[in-house]
Every structure is written in C-alpha cells, then in structure tokens.
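J.: got a predicted structure here, sequence first:
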Amino acid sequence: QGVADAMVHLGQIYERGAGNIRRDPNAALALYSKVASSNPEAALYGKGATTFVTAAAATTATLNPNHAPAAGNILYDQLRGDGVGSIHKCVEFFELAANNRGVVAAVASAEAANALGIIYEDGFGEIQMSVPKAQAWYKLAADDGHGAAAYNLAALLERVLDLNTVGVETDTAHRGKVELAIDYYYKRSHQLGYMATT
C-alpha cells in the first residue's frame with residue numbers, strides 16, 4: 001500500500017506541478033495507470049482517491065460508469081488548459097455518465113450532460129457545433145435538477161430564436177413554444193439555486 005500511495009502522490013505532483021517539477025499530465029496518467037493495474041483497491045479507497053480515480057479511469061479500456069464523470073472532467077480540464085488529451089475520449093466518458101443515470105449518481109450524471117451541452121453548443125476541437133445535441137444534453141441535465149444546465153438551455157434557446165445567429169436554423173412556427181420554454185428554464189434555474197455570473 002505504501003508504494004501505491006507514493007505513486008499516487010507523485011502522480012498528483014505531476015498533474016499539478018510543484019516547485020521545480022513542471023506539470024506533466026502524461027506522466028501523471030502513466031503513474032495512475034500503473035497503480036490501477038496493480039492495486040485497484042487504492043484507486044477506490046486510497047489517499048488522493050478523487051484525483052487518482054479520475055486519471056486512472058481515463059486510461060483504462062473498460063470504465064466504471066461511476067468514474068466516467070470524473071474522468072471526463074480531468075480530460076476536459078487538460079484540454080482547456082494545455083491541449084493535452086482527446087476530446088473524443090472526453091465526450092465518450094461524459095456520455096457514459098449521462099446515459100447511465102440509474103448507475104451514476106444523479107448529480108454527476110447531470111453534470112456530465114451539462115458538460116456535453118457546453119461542448120456541443122460551440123464545438124470543441126474536432127467536435128462540431130450541434131445546437132440540437134447541445135439542446136438535448138442541456139435538457140436532460142436540467143430535467144435532472146442541474147441549475148446551470150437549465151440556465152444554459154434557456155440562453156441557447158434565446159440564441160436560436162435570434163434569426164441573425166450565424167449557422168443556426170430556427171423554425172419560427174414554434175416561436176411561442178420556444179419562448180415559453182425559455183421562460184420556464186430561466187425560472188427553473190433560479191428555483192434550483194443557480195445564479196448566473198457575468
């Protein structure tokens with residue numbers, strides 16, 4: 001157990017960077033993977049479990065759906081920070097979590113669905129913008145009680161109604177229904193305690 005703890009600790013140092021040691025996510029993932037393959041109990045219950053499980057799950061071929069949200073989050077953070085990682089793998093992990101709501105904790109599943117909405121709303125790397133996909137993921141998360149997703153959905157629907165928005169098609173025949181949905185989801189985000197920051 002002592003060796004596994006030391007490897008996890010060293011992985012955390014590489015993940016974040018410390019002192020003279022530069023941040024190296026690939027080295028961190030390699031250490032986490034070694035511990036995961038030789039000591040799965042450490043992945044679940046050892047010290048530094050959150051960081052460890054997140055990164056270890058991101059490198060395994062078969063991923064426990066309960067680890068998927070964390071794995072997606074660490075990859076997404078790395079992609080936004082230094083461009084290291086795969087957006088397709090990140091989306092795969094978020095989809096696994098969002099589509100397994102009975103297995104994954106509701107909050108984590110909704111968070112994953114909201115993250116997918118964010119990725120698809122504007123596109124990210126090789127993932128093309130898709131308003132219908134963003135809307136579907138935001139709605140799934142909002143209907144599961146995610147306040148930020150409710151707000152994001154209302155804001156997206158507002159943008160869709162703006163006929164001058166480039167690259168977005170809208171069906172004006174349903175404008176009234178969309179306006180009601182916008183109002184509903186803004187109110188829902190407030191009911192769920194979400195306060196947008198500018």
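T.: Good, I have the coordinates.
J.: what segments of this protein are helices?
T.: Assigned by DSSP state H, the chain shows helices spanning 2-16, 25-38, 40-45, 49-59, 68-82, 87-98, 106-122, 131-143, 147-161, 175-191.
J.: could you dump those to CSV with mean pLDDT, distance to residue 197 and mean neighbour count?
T.: Glycine gets a C-beta too; all of them are placed from N, C-alpha and C. Formatted as CSV, those follow (pLDDT from 0 to 100; distance: least, C-beta to C-beta, whole Å; neighbours: other C-beta atoms under 10 Å):
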stretch, mean pLDDT, distance to residue 197, mean neighbour count
helix 2-16, 76, 25, 17
helix 25-38, 66, 28, 19
helix 40-45, 41, 35, 15
helix 49-59, 48, 25, 22
helix 68-82, 68, 18, 21
helix 87-98, 83, 23, 22
helix 106-122, 90, 15, 22
helix 131-143, 95, 18, 21
helix 147-161, 92, 10, 22
helix 175-191, 90, 12, 15
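J.: list the residues that contact residue 191.
T.: For residue 191, the contacting residues are residue 147, by C-beta atoms under 8 Å, 6 or more residues apart in numbering.
J.: let me fix that: residue 140
T.: Here residue 140 is in contact with 98, 110, 113, 149 (C-beta under 8 Å, 6+ apart).
J.: let's go with 10 Å and repeat that
T.: Contacts here follow C-beta atoms under 10 Å, 6 or more residues apart in numbering; on that basis residue 140 touches 98-99, 101, 109-110, 112-114, 116-117, 146, 149, 153.
J.: how close does it sit to residue 113?
T.: Residue 140 sits 5 Å away from residue 113, going by C-beta to C-beta, to the nearest Å.
J.: quick check, residue 98 in contact with residue 105.
T.: No - Residue 98 is beyond contact range of residue 105, at 12.0 Å (criterion: C-beta atoms under 10 Å).
J.: appreciated, that's everything.
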